[in-house]
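# what follows is a predicted protein model with its sequence.
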Amino acid sequence: MTHIRIAYKSIIIGLLFFILIRPYAVYGAETREIGKEIPRKTAQEYYRRGPEYDKQNEFKLAIEQYDRAIAVYPEVAAYYLKRGEAFFKNKQIEQSIEDFTKAIEIQPENYEAYFDRARSYVAGNQKDKAIADIKQTVKICTDTNRYNKNQS
C-alpha cells in the first residue's frame, strides 16, 4: 500500500512539474525570436546616437557608439560608413580607410563608400587610389542611372 502511495505521489509531482514547465517549453522558441530583436534595436539606438555626438564635434564619443553598433551587428555597411566618417573627421585617416573598405566588402555597389574612401585616400596622399575609387563611384552611379532608365 505504501508503494502505491509513493507511486501515486510521484505521478502527481511529475504531472505538476510538467504542467508548470510546459509553458516555457512551448513558448521558449517564441521568446528566443523576440529576444533577437533586442540586440537589433540596441544597435540601431547606438547608430542613432553617433550623429548627435558628431554634431557636437565629439568624434571619439561618436566612434564609441558606432563601435557598439558594430559589435552587435558587424554585417551592416552603414555602421562602418558612419564610423569611417567619424574617424575621418577625427583625422584618423587609416582607420577611416579601413572602415570604408569594410563597408565596400559588405555592400560592393555602395557608391558612398567608394567616394568617402577616395576622400580619405586624398587626405592620406594616396592620389592613385583616390582616382580609382572616384572612377568606381562614377561607374556605379552611371550603371544605376542606366538601370533606372531601362526600368522606366
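Happy to help now that I have it.
# pretty sure Val76 is touching Ile106, no?
Yes - in this structure, Val76 is within contact of Ile106 by Cβ atoms under 8 Å, at 7.4 Å. Quick note: C-beta positions are derived from backbone N, CA and C, even for glycine.
# and stretch 94-102, which residues are buried?
Within stretch 94-102, the residues scored as buried using 16 or more other Cβ atoms under 10 Å are Gln95, Ser96, Ile97, Glu98, Asp99, Phe100, Thr101, Lys102.
# distance of the third one relative to Ser120?
Using Cβ to Cβ, to the nearest Å, Ile97 is found at 5 Å from Ser120.
# overlap in contacts of these two?
Residues within reach of Ile97 and of Ser120 at once, by Cβ atoms under 8 Å, 6 or more residues apart in numbering, are Gly84.
# which residues of this structure fall in helices?
2-55, 59-72, 77-89, 93-106, 111-123, 127-151 (DSSP state H).
# before we move on, the earlier item: would you format the buried residues of stretch 94-102 as TSV with distance to Ala43 and pLDDT included?
Below are the buried residues of stretch 94-102 laid out as TSV (distance: Cβ to Cβ, whole Å; pLDDT from 0 to 100):
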residue	distance to Ala43	pLDDT
Gln95	20	98
Ser96	21	98
Ile97	23	98
Glu98	20	98
Asp99	16	98
Phe100	20	98
Thr101	21	98
Lys102	16	98
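# worst average pLDDT in the helices of the chain?
Of all these, helix 2-55 carries the lowest average pLDDT, namely a mean of 60.
# for the closest residue to Ile140 other than its chain neighbours, grab the count of nearby residues.
Excluding the flanking residues, the one nearest Ile140 by Cβ to Cβ, 6 or more residues apart in numbering is Tyr111, at 4.2 Å. Using other Cβ atoms under 10 Å, the number of residues around Tyr111 comes to 18.
# equivalent analysis for Val76, please.
Taking other Cβ under 10 Å as the criterion, the count of residues near Val76 is 19.
# and it, how far from Asn110?
Taking Cβ to Cβ as the measure, Val76 falls 12 Å from Asn110.
# what do you get for Lys129?
Lys129 is 17 Å from Asn110, where distance means Cβ to Cβ.
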